[in-house]
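Peer 1: Task: produce atomic coordinates for the following.
(one chain, ligands or ions: 1)
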Amino acid sequence: MNLEHFLKSGAPGWMGDKGLDADIVLSTRIRLARNLDGYRFPLSFTDHEAIQVDEIVTDAMHQISNKEHNFSHFTIKDMPLLQRQVLVEKHLISPLLSKKEKSASVLISNDETISVMINEEDHLRIQCLAPGLQLIETYALANKLDSQLEKHLPYAYNEAFGYLTSCPTNVGTGLRASVMMHLPALTMSKQIKVVTQMLARLGMVVRGIYGEGSENLGNIYQISNQVTLGKSEEEIIDDLQSVVVQIIQNERGAREALLKNSRIALEDRFNRSLGTLKYARIMTSEEAAACLSNVRLGVDLNIIKEVPLNVLNECMILIQPGFVQQYAGTTLQASERDVFRAKLLREKLNAKTQKLMEEGEERYDV
Ligand SMILES: Nc1ncnc2c1ncn2[C@@H]1O[C@H](COP(=O)(O)OP(=O)(O)OP(=O)(O)O)[C@@H](O)[C@H]1O
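Peer 2: Predicted coordinates for the structure are as follows:
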């Protein structure tokens, strides 16, 4: 596949409204960090080593490519900055990889559920993504790929420590399991602070929508394990699964309480946000994300019936700066992006409503 295939649509192949608890858990990600024995870590390797690692890993990936998972290879420094940004916004590469100029590349499966990043913080970062809460299934996929690669690659592994990684926080399993959750009711009721503190005590981290260092946009939180050493992969997955199930219950409880105590205020909030998304002429990404979050909660609570969840999921990606510029077909200043963002949202949301009305579907209650 050429790069255009991965750039053209806002909704990545892994995204959808099908997985378990998909109203609250947007997606699941499993990431394995691996390195090749005999080569220095990317922080300190030479350009020559970087090229060698890239070639060895790419070659191994081509050997394991099959009908089910066929991979396309892209070299980061050959891509214009805007295209890199769009891949970050689709979560197909990490922000760190997008900034790499030394021989760094990515192999993306044609269905966009798997990316293998080469020479990011480690020689390999294997990532698998799925919609909803699918920790066990997604780990099984990553583990299968990892085992196939291990037959072709000499992984840096130590009997006492496990897989060796660039950053000590990844040593051991090299596993980061994460879920992206939409938690508007816990945020509105200010319980999110307590949840974050509880997660820290349990050795978990809360990050923004684009991972480490990114901000919380649209009440979306990325929750992942911090500890990779001293626990098996299965334990890490089980621990995260239990915590996530608990948070889902808390979020559902907080939603019920909000609905019971302030139904009219909520209806007003959701419908105002929908109106803003459909008719505004200028929209910052923060405002768009906040409105999308409100409408999403409105859909989950069955108050708004005219917008499908997958359109909202896609809009969350389309409002990002790279996508807005790709849509406009040119680079834009922040204030110009706000105008195009509003146009894009109007088109996306009005087109969907129009289609549903033509099909005779029910409109939302007023
Ligand atoms: N559950 C998820 N769904 C979709 N994308 C995700 C999910 N979790 C993480 N990501 C994406 O993965 C990228 C990297 O995130 P993050 O920095 O948290 O990960 P990491 O690979 O564990 O890095 P590090 O070990 O360096 O902290 C980001 O673009 C983030 O949006």
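Peer 1: the helices in the stretch 51-200 of the chain, which residues?
Peer 2: 81-89, 95-98, 135-150, 184-188, 192-201 (DSSP state H, counting those that start in this stretch).
Peer 1: would JSON lines of these with distance to the ligand be doable?
Peer 2: Backbone N, C-alpha and C define where each C-beta goes, glycine included. Putting these into JSON lines (distance: least, C-beta to the nearest ligand atom, whole Å) gives the following:
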{"stretch": "helix 81-89", "distance to the ligand": "6"}
{"stretch": "helix 95-98", "distance to the ligand": "6"}
{"stretch": "helix 135-150", "distance to the ligand": "9"}
{"stretch": "helix 184-188", "distance to the ligand": "17"}
{"stretch": "helix 192-201", "distance to the ligand": "14"}
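Peer 1: got JSON lines for the ones you listed, with mean neighbour count and mean pLDDT too?
Peer 2: Shown next, in JSON lines, are those (neighbours: other C-beta atoms under 10 Å; pLDDT from 0 to 100):
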{"stretch": "helix 81-89", "mean neighbour count": "20", "mean pLDDT": "93"}
{"stretch": "helix 95-98", "mean neighbour count": "19", "mean pLDDT": "94"}
{"stretch": "helix 135-150", "mean neighbour count": "18", "mean pLDDT": "95"}
{"stretch": "helix 184-188", "mean neighbour count": "22", "mean pLDDT": "94"}
{"stretch": "helix 192-201", "mean neighbour count": "14", "mean pLDDT": "91"}
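Peer 1: Can you show me the helices along the stretch 251-366 of the chain?
Peer 2: So, for the stretch 251-366 of the chain - with DSSP H, counting those that start in this stretch - the helices run 285-300, 309-318, 321-328, 334-358.
Peer 1: angle of the shortest one against helix 334-358?
Peer 2: Going back to what we said before, that points to helix 321-328. 70 degrees (axes from the mean of the first three to the mean of the last three C-alpha atoms, to 10 degrees).
Peer 1: so how far is helix 321-328 off the chain centroid?
Peer 2: 18 Å (C-alpha atoms, centre = their mean, to the nearest Å).
Peer 1: can you check the second one too?
Peer 2: With C-alpha atoms, centre = their mean as the basis, helix 309-318 stands 12 Å off its chain's centre.
Peer 1: from the stretch 251-366 of the chain, which residue is nearest to the ligand?
Peer 2: residue 317 (10.3 Å; C-beta to the nearest ligand atom).
Peer 1: What distance do you get for that residue to residue 180?
Peer 2: 12 Å (C-beta to C-beta, to the nearest Å).
Peer 1: Who has more neighbours out of these two?
Peer 2: Taking other C-beta atoms under 10 Å, residue 317 and residue 180 do not tie; residue 180 has more neighbours (22 against 19).
Peer 1: Wait, that one touches residue 25, no?
Peer 2: Yes - Residue 180 is in contact with residue 25 according to C-beta atoms under 8 Å; the separation is 7.1 Å.
Peer 1: Take the helices of the stretch 51-200 of the chain and lay them out in CSV including distance to residue 210.
Peer 2: Formatted as CSV, the helices of the stretch 51-200 of the chain follow (distance: least, C-beta to C-beta, whole Å):
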stretch, distance to residue 210
helix 81-89, 7
helix 95-98, 6
helix 135-150, 19
helix 184-188, 18
helix 192-201, 18
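Peer 1: who wins for proximity to residue 171 among those?
Peer 2: helix 135-150 (16.0 Å; C-beta to C-beta).
Peer 1: Contacts for that closest one next, please.
Peer 2: 28-32, 34, 60-61, 64, 69, 113-114, 116, 124, 126-130, 175, 177, 179, 233, 237, 240-241, 244 (C-beta atoms under 8 Å, 6 or more residues apart in numbering).
Peer 1: Quick one: buried ones out of those residues?
Peer 2: The neighbour-count test (16 or more other C-beta atoms under 10 Å) marks 28-32, 34, 60-61, 69, 113-114, 116, 124, 126-130, 175, 177, 179, 233, 237, 240-241, 244 as buried among those.
Peer 1: Can you narrow those residues down to the ones near the ligand?
Peer 2: 28, 29, 31, 129, 179 (C-beta under 6 Å from any ligand atom).
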